[in-house]
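Quick check, what structure comes out for this input:
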Amino acid sequence: MGNRDDPVLEHLVALGVEHEVMACDPDLADTTLFCDAYGIDPADSANAILVAGKADPRPYALCIVLATCKLDVNGVVRKRLGTRKASFADSSETTELTGMLIGGVTPFGLPTSVSTWVDARVMERASVVIGGGSRDRKIRLPPRGLLALPGAEVVMDLAKAPIVS
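The predicted model follows:
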């Protein structure tokens, strides 16, 4: 099985990123369900969340945050986008821009150039599981692999720390 015509896997290989492809039931692709079904610690699972600034043209960024953290959309994200307001892109906008469905979004193999911001907490993990470009797979990789992406940057406090009860 080759990687031809698979932009996500082609991009990972082209960037020389060490990775493991994990099969996933598409019905279990949402992070909580995936972690429960496949025994993955949510602290080792990272979500790729597309955010948009309220401006014309709309500025976008793909934010990578641990599943245990909450993206700081109204603070750090909004300031970095340089807009008065920012929000999560909805599912249709996400699919239009990334070519991927929510539950499978990954920063690799994107059809358009989008800034990739990685919360600093992600870099503290030995490995993270991220979307695989479709809802039927995930990709496990060392966090430094995310920095192989052109323009990717680590951002302190991109997300708020997990709430420990």
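
only C-alpha atoms for contact and neighbour calcs from this point on.
Fine.

Can you list the helices and strands that the helix or strand containing Val65 packs against?
Element membership for Val65 (DSSP states H and E) is strand 60-66. Judged by 3 or more C-alpha pairs under 8 Å, 6 or more residues apart in numbering; DSSP states H and E, the packing partners of strand 60-66 are strand 46-53, strand 115-119.

Strand 46-53 and the shortest one, what's the angle between them?
This means strand 115-119. Interaxial angle, strand 115-119 versus strand 46-53 (axes from the mean of the first three to the mean of the last three C-alpha atoms, to 10 degrees): 130 degrees.

Can you list the buried residues in strand 115-119?
Ser115, Thr116, Trp117, Val118, Asp119 (16 or more other C-alpha atoms under 10 Å).

tell me which of the residues you listed is nearest to Asp72?
Nearest to Asp72 among these: Asp119, at 10.1 Å, using C-alpha to C-alpha.

The closest one is in contact with Cys63, isn't it?
Yes - here Asp119 reaches Cys63: they are 7.4 Å apart, a contact under C-alpha atoms under 8 Å.

Give me the contact list for the helix or strand just after the strand holding Val65.
Using DSSP H and E, the helix or strand that follows strand 60-66 in sequence is strand 70-71. Defining contact as C-alpha atoms under 8 Å, 6 or more residues apart in numbering, one finds that strand 70-71 is touched by Cys63, Val65, Leu158, Ala159, Lys160, Ala161, Pro162.

Quick one: end-to-end distance for stretch 145-154.
With C-alpha to C-alpha, to the nearest Å as the measure, stretch 145-154 spans 12 Å from end to end.

Please work out the average pLDDT along it.
For stretch 145-154, mean pLDDT is 95.

Please apply the same query to stretch 30-46.
For stretch 30-46, mean pLDDT rounds to 95.

got it, and stretch 103-121?
Here the average pLDDT along stretch 103-121 is 93.

what does stretch 62-76 give?
Mean pLDDT, computed over stretch 62-76, is 95.

send the alpha carbons of it over as CSV?
Output of stretch 62-76 as CSV, limited to C-alpha atoms (Å, rounded to 0.1, in the frame of the first residue of the first chain):
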residue,chain,number,x,y,z
LEU,A,62,-4.9,25.6,12.9
CYS,A,63,-4.4,25.2,16.7
ILE,A,64,-3.0,22.0,18.1
VAL,A,65,-4.0,21.5,21.8
LEU,A,66,-4.1,18.6,24.1
ALA,A,67,-7.5,17.0,24.5
THR,A,68,-7.3,17.8,28.3
CYS,A,69,-6.9,21.5,27.6
LYS,A,70,-9.3,24.2,26.4
LEU,A,71,-8.2,26.5,23.5
ASP,A,72,-8.0,30.2,24.6
VAL,A,73,-10.0,31.5,21.6
ASN,A,74,-10.9,34.9,23.2
GLY,A,75,-7.5,35.5,24.6
VAL,A,76,-4.3,34.3,22.9
